[in-house]
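Q: need a structure here:
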Amino acid sequence: MDDRSDEEPPIEDLLERHLPSLRAYMRRNLDAGLADRESTSDLVQSVCREVLQSRGKFQFRGDAAFQRWLLQVALHKLMDRRRFWRARKREGLKVEGQPGSLSWSQDELGRLAVALGSPSAEVMLREDLQRLEGALEQLSEFDREVIRLVRLQGLSHAEFAGRMGCTEPQSRKRLFEALARLSLLLRRGQTGS
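A: Residues are numbered from 1 along each chain as shown. Modelled structure (predicted):
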């Protein structure tokens, strides 16, 4: 029996319906080496973003076909991320000791790129990390700290505000503004302006 439907549901609805199976698939297939570097939630979010961006490449032929396509995208995501981290290990990338370099690890830079939803996050190579690092260097120390502590290390806005001597609403506003400035710098870097 063909599981085609007369009307194609919105891809957002399909993703929502299949999110539990996507999460379960990622948890089952996330090896310890990759789990040390990336969270299941981040990988699931990245797969969903990729599916939404490539919605035009999928022809709806029923729920089962959608789930197969979704899990195929997830498999490719895991393979890409494993290749990415193996390449980083082989290259022995370090930012310490370079003039004007930040004290951010390659892992932090990579996770920030993924969290920002950079279109090249899945295929990021050395030049992407250098571009991200260059953009971060143009931010103020406060902007870099709010991004690192709240976005990457998971501090609550209340905890960050307590550390930095500001209010929680100021912390939220500063994170939003810092991410906006970073995004603008990255876009300028892509276009060469």
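
Q: Please pull out the lowest mean pLDDT helix or strand from the chain.
A: helix 106-116 (a mean of 64; mean pLDDT, DSSP states H and E).

Q: Contacts for whichever strand or helix holds Ala180, please.
A: Taking DSSP states H and E as the definition, one finds Ala180 inside helix 168-191. Outside of helix 168-191, the residues within contact range by CB atoms under 8 Å, 6 or more residues apart in numbering are 116, 118, 131-132, 134-136, 138-139, 142-144, 146-147, 150-151, 157-158, 160-161, 164, 166. (Glycine included, C-beta is placed from N, CA and C.)

Q: Restricted to helices, list those.
A: Applying DSSP state H to these, the entries found in helices are 116, 131-132, 134-136, 142-144, 146, 157-158, 160-161, 164.

Q: Just flag the most distant two among the residues you listed.
A: Spatially, the most separated pair among the ones in helices among the contacts of helix 168-191 is Arg131 and Ala158, at 32.7 Å (CB to CB).

Q: higher neighbour count, the two?
A: Arg131 (19 against 11; other CB atoms under 10 Å).

Q: Compute the first-to-last residue distance for stretch 53-70.
A: Terminal residues of stretch 53-70 are spaced 13 Å apart (CA to CA, to the nearest Å).

Q: Good, wrapping up.
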